[in-house]
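Undergrad: give me the fold of what follows.
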Amino acid sequence: MRARYSGLSFGVKLTMGQQPDVFISYSSLDESAAETVCRVLERNKIRCWIAPRDIPGGMPWDNAIIDGIKATSLVVLIHSSNANGSDQIKKELHLAHAKKKIVIPLRIEKVHPDEELEYILTSVHWLDAFEKPLEDQLEPLVKRVREILQPASQPPPAALSRRSEKSLRVALLYRRKAKPDDYVLSFLEAGLRAAGHQVFIDRHLSIGVEWATEIERQVQESDAVIPLLSALSIQSEMLAGEVEVAAKSALQHSGKPRILPVRIKTEEALPEPFLSILGRLQYHLWQSPADDSDLLAHLLDSLIAKEQSKGKISADLVLPDTPYYMERPADSEFDQLLENQESIVLLKGARQMGKTSLLARALQKARDAGKKVVLLDLQKLNQASLLNIESLYKGLCEIAAERLDLDVSPEDGWRPGRAPNLNFERFVRRELLGKIEGHLILAIDETDRLFEWPYAGEVFALFRTWYNERATEPSGPWKRLTLAIVYATEAHLFITNQNQSPFNVGTKIELQDFTIGQVEELNQLYHSPLRNSDELNRFFELFNGQPFLTRRGFCELTDHKTSLDNLVKSADSDDGPCGDHLRRILLMVSKENDLKAALHGLLHGQPIPDAMTFYRLRSAGIVAGPSAEKAQFRCAIYRKFLARHLV
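TA: Numbering: from 1, shown residues only. Below you'll find the predicted structure:
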């Protein structure tokens with residue numbers, strides 16, 4: 001229980017109408033430290049709200065605390081062993097979290113937060129001030145507070161000098177709880193508003209179906225979107241989904257919205273799907289607050305620019321070799337089929353099952369064995385490259401020629417009057433198989449992207465003819481070709497003529513979620529953060545072997561030192577360790593009423609109404625099971641999260 005406050009005499013009490021900047025949360029046993037922090041902040045013209053100084057006479061204590069937190073932009077927590085024992089501090093932090101206030105914990109002792117505080121402050125960056133005197137250790141705190149507050153109170157000159165006559169709608173896309181992204185976000189929001197533009201940021205919305213629908217609507221209706229790309233945010237599924245929505249909308253609406261990427265402290269290669277969408281776009285780099293004015297000026301100038309770079313990137317995805325990779329029976333089966341030089345090898349599995357990782361490792365083994373390998377990742381082709389069968393084939397030819405280091409262009413022998421299938425086959429036969437020695441593996445990843453296009457049947461029919469001709473012409477060129485096709489969706493739903501499908505003649509391998517035995521092996525690879533069989537079972541019940549979430553859980557236990565109890569508590573929360581992944585799922589299903597209705601029914605014990613809906617949900621990785629009648633949620637946190645939001 002929190003001890004009473006004594007009457008603090010430092011500083012100047014806020015007068016009527018003054019807006020405080022910072023709420024100071026502290027245990028009264030740390031009164032001296034709180035007084036020092038308040039004095040240093042106010043000496044630097046940062047207005048503080050602190051009890052009991054700023055509690056109006058006659059106002060109930062709790063009401064004054066609530067008003068103080070609501071009125072401020074951020075909360076500074078004075079953390080110590082005393083704070084761990086304070087119920088009042090925990091109430092204040094819960095309220096701050098509910099009001100979406102930024103919290104800056106300042107540790108004045110070398111103690112870890114207790115379990116409840118650790119849960120509240122998950123992913124928050126801490127500042128330390130252990131040395132004495134405390135006053136000499138507070139410069140980083142002052143700097144951090146200023147970084148957050150300055151955009152809201154002092155729009156830079158660039159915004160005022162470039163105030164637009166036409167107010168544009170701008171959406172800022174970002175990853176929650178990423179730093180220093182939050183500073184750049186606040187700075188740009190203030191600067192764009194000061195320049196007369198309307199700014200959308202999803203932090204002002206409550207998470208739910210309406211939240212997901214509203215994000216998509218806002219992105220589609222914006223004149224421009226500005227994705228903030230940092231080392232942390234480019235790992236965000238949610239951000240990737242928002243960028244994909246913007247790109248698709250731009251393709252359908254003559255370039256609207258404009259996409260203006262901002263890179264934050266990194267210029268490393270982007271992962272997919274960011275690479276294929278943003279790879280050739282001009283970006284602006286932010287390294288520190290010294291870049292604020294230049295960044296804002298460039299963005300404001302870009303908002304009125306008439307042209308935006310277009311194009312596609314063709315480069316293979318290279319996954320790093322990791323000691324944490326879990327080999328499954330499918331790995332050795334796939335390796336053996338490539339070694340046997342099979343005609344068509346099919347790798348099927350739901351979203352985030354580990355298909356791309358398995359493919360990358362298998363292809364590297366094939367390269368090491370002397371085989372020629374071309375990875376045709378359809379995720380790397382932009383929407384324009386998929387608009388018709390001819391642009392698709394030319395894009396694939398360019399990738400293949402580049403990967404095999406062949407000085408040839410598909411345009412060289414491409415005849416406009418010839419059928420696209422014949423042009424593509426001629427290129428593969430003459431320019432690829434005809435100019436290399438040995439066996440060639442053409443691996444097609446993200447094949448599902450083709451299913452939605454009307455020409456997909458023609459593409460797959462061509463692959464089927466290569467399979468047939470290999471059997472009828474044993475000495476022909478196709479005996480030197482293996483097609484490895486990676487996909488998630490039920491192919492028979494999209495290919496009406498099964499006699500022209502490669503999916504019912506190739507050798508199929510289907511990936512499954514991790515078994516509990518495999519999770520136990522992973523636990524050993526991660527140096528056993530799960531200490532006994534009870535903890536292993538609790539962990540497995542949470543994620544049910546879903547590979548992506550299982551690895552995410554182990555990273556939380558090892559990298560972030562999260563306890564298993566806190567992981568279980570926070571796994572399905574909106575802003576927890578899996579929040580980004582869960583919000584992406586909500587965004588996806590909220591767009592389609594049939595999927596939403598099916599999941600709502602499943603939550604209430606009803607079977608999925610039809611096979612098509614079941615297959616779509618299973619390939620998306622949301623449900624599992626052999627049929628619509630026996631479908632179930634893939635893991636416990638999906639059920640809990642969707643039960644809370646899918647209303």
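Undergrad: any stretches of the stretch 101-250 of the chain with poor pLDDT?
TA: 122-125, 150-165, 203-211 (pLDDT under 70).
Undergrad: name the helices or strands packed onto the host helix or strand of residue 228?
TA: When secondary structure is defined by DSSP states H and E, residue 228 falls within strand 224-229. Where contact means 3 or more C-beta pairs under 8 Å, 6 or more residues apart in numbering; DSSP states H and E, strand 224-229 is packed against strand 169-173, helix 181-194, helix 237-252, strand 258-259, strand 262-264, helix 274-278, helix 292-303. For the C-beta atoms, the positions are set from N, CA and C on the backbone; glycine is no exception.
Undergrad: any stretches of the stretch 401-550 of the chain with poor pLDDT?
TA: For the stretch 401-550 of the chain (pLDDT under 70), the answer is 490-500.
Undergrad: just the helices in it please.
TA: 420-426, 448-451, 456-472, 516-525, 533-543, 547-558 (DSSP state H, counting those that start in this stretch).
Undergrad: residue 293 is nearest to which of these?
TA: Among the helices of the stretch 401-550 of the chain, helix 547-558 comes nearest to residue 293, with 37.1 Å by C-beta to C-beta.
Undergrad: the strand holding residue 228 pairs with which strands, and in what direction?
TA: strand 169-173 (parallel), strand 258-259 (parallel), strand 262-264 (parallel) (DSSP bridges).
Undergrad: JSON lines for the helices and strands packed on strand 224-229, including distance to residue 374?
TA: Below are the helices and strands packed on strand 224-229 laid out as JSON lines (distance: least, C-beta to C-beta, whole Å):
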{"stretch": "strand 169-173", "distance to residue 374": "33"}
{"stretch": "helix 181-194", "distance to residue 374": "36"}
{"stretch": "helix 237-252", "distance to residue 374": "25"}
{"stretch": "strand 258-259", "distance to residue 374": "29"}
{"stretch": "strand 262-264", "distance to residue 374": "30"}
{"stretch": "helix 274-278", "distance to residue 374": "17"}
{"stretch": "helix 292-303", "distance to residue 374": "37"}
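Undergrad: re the thing from before, quick one, the strand holding residue 228 and helix 181-194 angle?
TA: Angle, strand 224-229 to helix 181-194, by axes from the mean of the first three to the mean of the last three C-alpha atoms, to 10 degrees: 160 degrees.
Undergrad: before we move on, the earlier item: pipe the strands paired with strand 224-229 into a markdown table and attach distance to residue 189 and mean neighbour count per row.
TA: Shown next, in a markdown table, are the strands paired with strand 224-229 (distance: least, C-beta to C-beta, whole Å; neighbours: other C-beta atoms under 10 Å):
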| stretch | distance to residue 189 | mean neighbour count |
| --- | --- | --- |
| strand 169-173 | 6 | 23 |
| strand 258-259 | 18 | 21 |
| strand 262-264 | 13 | 23 |
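Undergrad: save the ones you listed as JSON lines, and put in distance to residue 325 too.
TA: Formatted as JSON lines, the strands paired with strand 224-229 follow (distance: least, C-beta to C-beta, whole Å):
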{"stretch": "strand 169-173", "distance to residue 325": "31"}
{"stretch": "strand 258-259", "distance to residue 325": "34"}
{"stretch": "strand 262-264", "distance to residue 325": "29"}
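Undergrad: to residue 107, which of those strands lies closest?
TA: Per C-beta to C-beta, nearest to residue 107 of the strands paired with strand 224-229: strand 262-264, 25.9 Å.
Undergrad: what about that closest one, average pLDDT?
TA: On average, the pLDDT along strand 262-264 is 94.
Undergrad: if you compare the helices of the stretch 401-550 of the chain, which one is most tucked away?
TA: helix 547-558 (a mean of 21; mean count of other C-beta atoms under 10 Å).
Undergrad: what packs against the helix or strand following that one?
TA: The first helix or strand that comes after helix 547-558 along the chain, using DSSP H and E, is helix 564-570. Here helix 564-570 touches helix 115-120, helix 533-543, helix 547-558, going by 3+ C-beta pairs under 8 Å, 6+ apart.
Undergrad: tabulate those (JSON lines), appending distance to residue 96.
TA: As requested, the helices and strands packed on helix 564-570 are exported to JSON lines (distance: least, C-beta to C-beta, whole Å):
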{"stretch": "helix 115-120", "distance to residue 96": "9"}
{"stretch": "helix 533-543", "distance to residue 96": "28"}
{"stretch": "helix 547-558", "distance to residue 96": "23"}
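Undergrad: residue 175: which of those helices is closest?
TA: Among the helices and strands packed on helix 564-570, the nearest to residue 175 by C-beta to C-beta is helix 547-558 (14.5 Å).
Undergrad: between the closest one and helix 516-525, how many degrees?
TA: Counting by the same axes, to 10 degrees, helix 547-558 points 40 degrees away from the direction of helix 516-525.
Undergrad: circling back: ok, which of the helices and strands packed on helix 564-570 comes nearest residue 429?
TA: It is, among the helices and strands packed on helix 564-570 and with distance given as C-beta to C-beta, helix 547-558, at 37.9 Å.
Undergrad: contacts made by that closest one with the rest, please.
TA: With contacts defined as C-beta atoms under 8 Å, 6 or more residues apart in numbering, helix 547-558 is touched by 324, 326, 352-354, 513-514, 519, 522-523, 526-527, 529-530, 539, 542-543, 562, 564, 567, 571, 577-578, 581, 635, 637.
Undergrad: ok so, going back, nearest to residue 392, of the strands paired with strand 224-229?
TA: Among the strands paired with strand 224-229, the nearest to residue 392 by C-beta to C-beta is strand 258-259 (22.7 Å).
Undergrad: all set, thanks.
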